[in-house]
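S.K.: Give the three-dimensional model of this entry:
(2 chains)
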Amino acid sequence: MTDLPAALLPPALLTWFSARNWRVHPHQQEMVDQASEPALLLIAPTGGGKTMAGFLPSLAELADGLHQGLHTLYVSPLKALAADIKRNLSAPVAEMGLPIRIEDRTGDTSYTQKRRQRADPPHILLTTPESLALLISYEDAPRIFQGLQRVVVDEIHALAESKRGDQLMLSLARLQTMCPDLRRVGLSATVEDPGAIAHFLACHPDPCTIVQADPGPDPDIAMLDLPDAPPWSGGGASFAIPQVMAAVKAHRTTLIFHNTRAQAEIFFHNLWLANDESLPIGIHHGSLDRAQRERVEAAMVRGDLRAIVCTGSLDLGIDWGDVDLVIQVGAPKNVKRLIQRIGRANHRYNAPSKARLVPANRFEVVECHAALQAAKAHDLDGDPRGPGPLDVLCQHILITACAGPIDADLLFAEMTRAGPYATLSRAQFDDCLAFCATGGYALRAYDQWQRLKQHEDGLWHLRDPRATQLIRMNIGTIQDADLLKVRFRGRGGKPLGEVEESFAASLTPGDTFLIGGQIVAYQGLRDMVVEVTRNARKKPKVAVFSGTKFATSTQLSQRILAMFAADDWPYLPEHTRDWLDLQRQVSELPKQGRLLIESFAHDGREHACIYGFAGRNAQQTLGLLLTKRLEDLGLDPLGFVATDYATLIWGLQPLTDPAPLFDIAALEAGLEGWLAGNAVMKRTFRASATIAGLINRNMPGSRKSGRQATFSSDILYDTLLKYDPDHLLMRITRTEAMRGLVDFARIREMAERVQGRIDLRRLDQVTPLAAPLLLEVGKVPIEGAGRERLLQQEAETLMTAAGLGDL
Amino acid sequence: MVARATGALHWPEAGILTVSDLHLGKSARQARRNAVQLPPYDVTDTLARLAAEIEATNPDIVICLGDSFDDLQALDDLPRDARDWITRLQAGRRWIWIEGNHDPGPVNLAGAHLARFEHLGVIFRHIAEPADTGEISGHYHPKARMKAASRPCFLLDRTRVILPAFGTYTGGLRCDDLAIARLMAPDARAVLTGRQVLVIPMPQNRSGKSA
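M.R.: Just a heads-up that it's a prediction; the model follows:
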């Protein structure tokens, strides 16, 4: 190890490295060399020793044992990662005999431990964005962070994709005010635009240096060999169980990724039914009980498991060297995520990763092939990041107010140093401050509405100091659907995990569902806990976790359309070729630059299938916009369902003249009015209102029931719409919805692509390509004239059935 | 009697309009408790809808079936213009405030303040008494769920009517809840509010009518 400059790495480290015959990777060395930079971003593939690269400078600086208090703050998106790093860092530090104290602090850390950490912080503290925001809200934050030198943000590419990242960058701006010499380090997987992440991380307007590691060899990636055709819809992929099982047997450790929790549950269950050798196979996803998750993680670390069925909860970081195969079940909706998941196999630098794709339904065969091509061409996808959302800013103002009175000018200056808020205007900031202070309601200066009050010293104080408790309880930007804990009935019943409240509400005692790979029967709801008993049946009523529905990227969608243009698809399996051929005979395949609409009657309802290939969110918006226009035209739409490639609308009347419906100017003009009253907007409003502190998810003493919260947020939305449509939260909701769930940009892009070239095909049957949509879940009902008519029919039927028909 | 799609109960022969659970001042109470800062438009919204009902039915007597105010403090804090509005609505008719669990004290607004009111053999009170017959009450904010949607509803059988909540920001209790089910006869009906009135058999808990 003579190539290491002794001045930068202390002897204890060098000895330790050479005793193991380890080499410091060039990018790790570069991180040490540039350790004094104010901001550094490392881009390295999985297994590239990223974390060590992030910590080496800290270990070097702490080796002499002179530093008092907190030196390095490590922030990761996962609690598990913080705990894992603690293990993986503490061992070498102990072996090197370095005088460094390392502790983690997450939502799972005990109360006494947290108290002690505040009084006597360790040298290296490992935490999450939410726990950091909580620390910053304490009055003694300046004392806790005194002497802080470095902050390391792990998996920054993942954090940058969500509001958690925006919150973290605001927290870092706060820390930078307390500790002006703070240096920032970001650790990122391979991304399509490193500059954007660097801008996100930098203390604006300071620069951020980017260090690129060697990307390593290309992965060995292909479709899993499957003799049977996948089903027409759904995501279970149970048809592939025998082949997946065989692959598991042929490898040391296999990670089996799914796109949603529900799919992972079902697959895990089916895998166990086929597990004749009783191989140790575990499951890991975000809804599982913490203790269960930890058991699986511990077993993985020990190398006890042969396979883990998992979701995005294992997309990130925990290091196990033994994984030699990654199986992706269901189409990878974006190529970047696929590459990152593949990187989980063979967590060794410079060894190719092995991955196999399993399409869960017929259309996904096509999607998987498109993703394969893109991965081989190193063609990563991604959307540019917009400016930081204002609901997060509101929450941060309240968090800051918890720590002490706010000087508006200083806080504004501080916030604009955070990358996502570099372009924040003073007017936007003042709006947010006014919202935090008074609720932001027009002409509402009553004392009772004041949350923050400006005192004579010009500073903004909390009106009621007790409010800190409520604000701290509601820190965070993660918007899980409302989840209820599931337990076995009986005293001290074993916790199994969580299900969505709406799902629990739909259960009747005796109904069975899957959780943690077991079939259980619903018994009742007690104290916000779903009580269940064991059930031996084989066919459960399926748990509907929302999971995370990622939209297929623009670039993948275009690849699929390009594939459709070919005469034949020799690389596709027979069944899929036949299916596409049949579609071509019965109707036609969607084409690039044109918009195909199929119209047919089915099951007594008129259907229109619109192949926009704009991704799930935009297709959903299209469904909402079009049904609104159909309602205005008196065509009585009843509902729609959207997938990544099409929207299927059904109603009482057929669609005959689509061209005017797709005029982009008209769609855009209709957007404002339409944005008003629909479920997507209400859902978006609810999320933003919760983050901004208008609705509290957690109340002292008791947790507010999610149904109550839904209810009140819907009514709040309606009321604001009627009396104060320009309220800050309504503006935030519109921006958010346009960006996220609405994704209007992709509708516009689709319209530009199509330019009025619409092909309407009236058919006398359901077409091969449209059929899978009829089987899709997640249908959106339309509250309109058609619905009223059906309600009336239903009421009449019920009354007749009850012998009350002549009422 | 006519169950109106708005959630108000109109008795044309007696000239009585009944509404229940207005919960005026709910947002102010929440703000005072430093909990949820609900938008302060609930009073305006509730009164506007009540005014429209009075306009449409021109009753001689208006009965508010209790929980008209979210609490007595909310009543004291009622903005000037809201008080004036209520006074204008009261002009030329009798107005009865039935007391509810949220507003048990006397109301410092015009109108009679009563624990219960009886007219032509019909009893008006806030919370139903299982023993009484010919009774009109509120309190439970009943809601009925159908396949297509869930709506606030009236519940009625031969002996009683339970009104839905009229106020903005008022939640609902599913009418298959035992608290409601034990009050109503097995052949009770639910009248759904919304754009139009819909009558259905009252949804019952599957596990049994015996409960």
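
S.K.: mind checking which helix or strand of chain B has the lowest mean pLDDT?
M.R.: strand B:173-174 (a mean of 72; mean pLDDT, DSSP states H and E).

S.K.: what residues does that strand touch?
M.R.: B:140-145, B:179-180, B:203 (CB atoms under 8 Å, 6 or more residues apart in numbering or on different chains). Every C-beta, even on glycine, is put in place using the N, C-alpha and C of the backbone.

S.K.: I'd like the next helix or strand past it.
M.R.: Per DSSP states H and E, strand B:173-174 leads on to helix B:178-181 as the next helix or strand towards the C-terminus.

S.K.: quick one: the helix or strand following that next one to chain centroid distance?
M.R.: Scanning forward in sequence from helix B:178-181 by DSSP H and E, the next helix or strand is strand B:189-192. Mean-position distance between strand B:189-192 and its chain equals 15 Å (CA atoms, centre = their mean, to the nearest Å).

S.K.: Would you mind listing what in the stretch 451-600 of chain A touches chain B?
M.R.: A:451, A:463-464, A:466-467, A:470, A:508-509 (CB under 8 Å from any CB of the partner chain).

S.K.: In TSV: those residues, plus secondary structure and neighbour count.
M.R.: Formatted as TSV, those follow (DSSP: H, G, I helix; E, B strand; the rest coil; neighbours: other CB atoms under 10 Å in any protein chain shown):
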residue	secondary structure	neighbour count
A:451	coil	23
A:463	coil	17
A:464	coil	14
A:466	coil	10
A:467	helix	18
A:470	helix	20
A:508	coil	10
A:509	coil	12
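
S.K.: Now do the contacts for the residue of the stretch 651-800 of chain A found nearest chain B.
M.R.: Closest approach between the stretch 651-800 of chain A and chain B, counting by CB to the nearest CB: residue A:723, at 4.0 Å. For residue A:723, the contacting residues are B:39, B:41, B:44-45, by CB under 8 Å, 6+ apart.

S.K.: if we can go back for a sec, where is pLDDT lowest across the residues of the stretch 451-600 of chain A next to chain B?
M.R.: Within the set of those, pLDDT is lowest for residue A:508 (66).

S.K.: which residues of chain B score low on pLDDT?
M.R.: Scanning chain B for pLDDT under 70 picks out B:34-36, B:146-149, B:171-172, B:205-211.

S.K.: What segments of it are helices?
M.R.: B:26-32, B:42-57, B:72-76, B:80-90, B:178-181 (DSSP state H).

S.K.: The stretch 351-500 of chain A too?
M.R.: For the stretch 351-500 of chain A, the helices defined by DSSP state H, counting those that start in this stretch cover A:362-376, A:390-403, A:408-415, A:426-438, A:467-473.

S.K.: Go through those helices and pick out the most buried.
M.R.: Using mean count of other CB atoms under 10 Å in any protein chain shown, the stretch among the helices of the stretch 351-500 of chain A with the greatest mean number of neighbours is helix A:390-403 (a mean of 25).

S.K.: Do any residues in that one lie close to chain B?
M.R.: No - interface with chain B: helix A:390-403 contributes nothing (CB under 8 Å from any CB), its closest point being 11.4 Å away.

S.K.: Are there helices or strands packed against that helix, and which ones?
M.R.: With contacts taken as 3 or more CB pairs under 8 Å, 6 or more residues apart in numbering or on different chains; DSSP states H and E, helix A:390-403 sits against helix A:129-136, helix A:163-178, helix A:408-415, helix A:426-438, strand A:460-462, helix A:467-473, helix A:679-692, helix A:728-739.

S.K.: Can you mark which positions in the longest strand along chain B are buried?
M.R.: If you go by DSSP state E, chain B has its longest strand at strand B:150-156. The neighbour-count check on strand B:150-156 (16 or more other CB atoms under 10 Å in any protein chain shown) flags B:151-156 as buried.

S.K.: And the contacts of it?
M.R.: Taking CB under 8 Å, 6+ apart as the rule, strand B:150-156 contacts B:3, B:7, B:9, B:141-144, B:161-165, B:172, B:175, B:180, B:184, B:188-194, B:198, B:202.

S.K.: among those, which are within reach of chain A?
M.R.: Filtered for proximity to chain A (CB under 8 Å from any CB), those shrink to B:172, B:189, B:192, B:194, B:198.
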